[in-house]
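# I would like the atomic coordinates for the input below:
(one chain, ligands or ions: 2)
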Amino acid sequence: MEVYQGKSVFSGVAIGKIYVYQKGEQQVRRAKVEDTQKEKDRYRQASETAMKQLGELYQKALNEVGEENAAVFEVHQMMLEDDDFVDSVENIIDTQGVNAEYAVAVTGDNFAQMFAAMDDDYMRGRAADVKDISERLITVLSGGAAGGIQSEEPVIVLADDLAPSETVQMDKEKVLSFVTVHGSVNSHTAILARTMGIPALVGTEIPLDDSVDGKMAVVDGASGCIYVEPDEETLTQMQERKAREAEQKELLQSLKGRENVTLDGQKVMLYANIGNIKDLATVLQNDAGGIGLFRSEFIYLESEDFPTEEEQFQIYKQVAETMAGKRVIIRTLDIGADKTCDYFEMEEEENPAMGCRAIRICLTRPEIFKTQLRALLRASAFGNIAIMYPMITSLWEVRKIKEIMEEVKAELDAQGIGYGDPLQGVMIETPAAVMISEALAKEVDFFSIGTNDLTQYTLAIDRQNPKLDDFYDSHHPAILDMIRMVAENAHKAGIWAGICGELGADLELTRDFLEMGVDELSVSPGRILPIRKIILETDVAEYRKNQQK
Ligand code: PEP
Ligand code: MG
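Residues are numbered from 1 along each chain as shown. Ligands and ions are numbered 1, 2, ... in the order given. Model (predicted):
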């Protein structure tokens, strides 16, 4: 048995085989196939899809950067159709009886090497293009379905690090646990693990090779350990713990249907955070009163191009309808920093967390924003949708948003398209927003405190930097005082204030939040019932008295 220590992101026990997830080209595995004709058909189909993608990219580039720069995509199309390339792929599938991904990867490597060895500068430069098209083909071939996990059974995913765009594309049914070598406890991958309610570790010093790949392991989210090939005793212990935790979960189920009200009558809204429509099942299972944060940017991260108004409308409508009248707070896209989409074609930034992200993108590229607002407004006719804007620092931003909102409504009116009357709120996740919260409260319907970014910006600690985890004091008095201040300013203006950052799910602070008068907590679905239990057992007046002693 080998034991590796990491930092725990979410507790619980996972038992299963390890799957070493490799990025990019190394992701491809050689797999034997019975039906080579079927593989060749898959390859042909993938090639057609890639052709179409390249055609769209060409058009887009033509409009945005001109013919000369767009030409590269025509070159890629030609390479894709090149007889030698196609023959090589099909030949490898036929003679070796292997999967198309592998045949494409080998062909791509061979051709790239061939180009790289040529004398002519221009031809040498084509090596990168061949790599590019083979990677595109592999993405299409393995795309969506398995989301990069080529395994029949659910596995413990082991990776160097995972970008939100990678985790979001993984088939969640196949993931028992995430274990990464790098990554911070505040990263979006960590948040995703919490939403999925699965044990996860980051900062784990474990080799990413055959010495662990495919081996049986146990992830213990409580101690932050992963046991590879556990001995009998450890395995039994962990199986017992897993069973106990399941029992505990069962017990909490008895709290379903109960109102979130303290012993002295203070009511709290207890909502769920989601990033994906697939999370709705766990939201309902855990009896959430609504959705307090739908991270809509995950729709963008899952797409290969800007999701259309119609695509977005269908998703928002489905969430609203599934929640059947319960409030659904959808946050407008929060792209930027660690959540990047290639097709946004953002310029490289020295300091992306403080760069062009979230509302800043929406206000500088209003066409993207308007598409989303149209979809949200239309969907609001089908349920109780509220809209929330991220990364607000100034009043003018809110006023500008309102102006854009009015323009969008006028356009919908002119087209005779119906919409509801969604509440509009802002995230309080910058120190500036906290300091102007009294004025902001007069402009909006609600506040939701994003403690992840608020902590990052207040303590000047990059939430992505694992080396700073020890300095990331989420209970820092500066943060707690800010939350109190925001709640007070909200109440003065007659609006409510909630918390949708990870701190809202911190059971050690639930009583403090009640005492501060926080009106709503939006947490990962698995945290709802444990928090409800605390709320039901708390006498806020009593707690306040004890605190003052
Ligand atoms: C936050 O910053 O607390 C938040 C909820 O938003 P995100 O984690 O998606 O940045
Ligand atoms: Mg945030």
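# list the contacts of the lengthiest strand in the chain.
Looking across the chain with DSSP state E, the single longest strand is strand 13-21. Here strand 13-21 makes contact (CB atoms under 8 Å, 6 or more residues apart in numbering) with 27, 148-149, 151, 153-159, 162, 166, 176-177, 198-199, 208-209, 212-222, 228, 235, 238-239, 241-242, 245. Quick note: C-beta positions are derived from backbone N, CA and C, even for glycine.
# near ligand 2, which residues of the stretch 401-549 of the chain are found?
429, 450, 453 (CB under 5 Å from the ion).
# in the protein, what residue comes closest to ligand 2?
Per CB to the ion, D453 is where the chain lies closest to ligand 2, at 3.7 Å.
# next one: that residue, what pLDDT does it get?
D453 is assigned a pLDDT of 96 by the prediction.
# ok, it touching A358?
No - with contact defined as CB atoms under 8 Å, D453 does not reach A358; the gap is 9.1 Å.
# and for those two, which residues touch both?
M391.
# after the lowest-mean-pLDDT helix or strand in the chain comes which helix or strand?
The weakest-scoring helix or strand in the chain, judged by mean pLDDT, DSSP states H and E, is helix 164-169 (a mean of 68). Next helix or strand after helix 164-169 toward the C-terminus (DSSP states H and E): strand 175-180.
# what number of residues lie near Q464?
The tally of other residues near Q464 (other CB atoms under 10 Å) stands at 18.
# for the residue nearest to T262 when sequence neighbours are not counted, what are its contacts?
Using CB to CB, 6 or more residues apart in numbering and skipping residues adjacent in sequence, the residue nearest T262 is T538, 4.8 Å away. By CB under 8 Å, 6+ apart, the contact list for T538 reads 262-263, 510-511, 514.
# can you rerun that using 10 Å?
261-264, 266, 268, 510-511, 514-515 (CB atoms under 10 Å, 6 or more residues apart in numbering).
# what's the PyMOL syntax to select whichever of these are buried?
To isolate the buried members of the contacts of T538 in PyMOL, using 16 or more other CB atoms under 10 Å:
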select buried, resi 262+266+268+510+511+514+515
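# as JSON lines, the contacts of T538 with secondary structure would be great.
Listed next are those as JSON lines, based on DSSP: H, G, I helix; E, B strand; the rest coil:
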{"residue": "V261", "secondary structure": "strand"}
{"residue": "T262", "secondary structure": "coil"}
{"residue": "L263", "secondary structure": "coil"}
{"residue": "D264", "secondary structure": "coil"}
{"residue": "Q266", "secondary structure": "coil"}
{"residue": "V268", "secondary structure": "coil"}
{"residue": "T510", "secondary structure": "helix"}
{"residue": "R511", "secondary structure": "helix"}
{"residue": "L514", "secondary structure": "helix"}
{"residue": "E515", "secondary structure": "helix"}
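# out of the contacts of T538, who's nearest L251?
Using CB to CB, T510 is the member of the contacts of T538 that sits closest to L251, with 18.0 Å.
# tell me which helix or strand the spatially closest residue to that closest one that is not a sequence neighbour sits in.
In space, and not counting its chain neighbours, T510 is closest to I534: 4.5 Å by CB to CB, 6+ apart. Using DSSP H and E, I534 maps to helix 528-537.
# what's the mean pLDDT across the next helix or strand after that helix?
For helix 528-537, the following helix or strand on the C-terminal side (DSSP H and E) is helix 540-548. For helix 540-548, mean pLDDT is 93.
# from the contact counts, what lies against helix 540-548?
Under the contact criterion of 3 or more CB pairs under 10 Å, 6 or more residues apart in numbering; DSSP states H and E, helix 540-548 touches helix 510-516.
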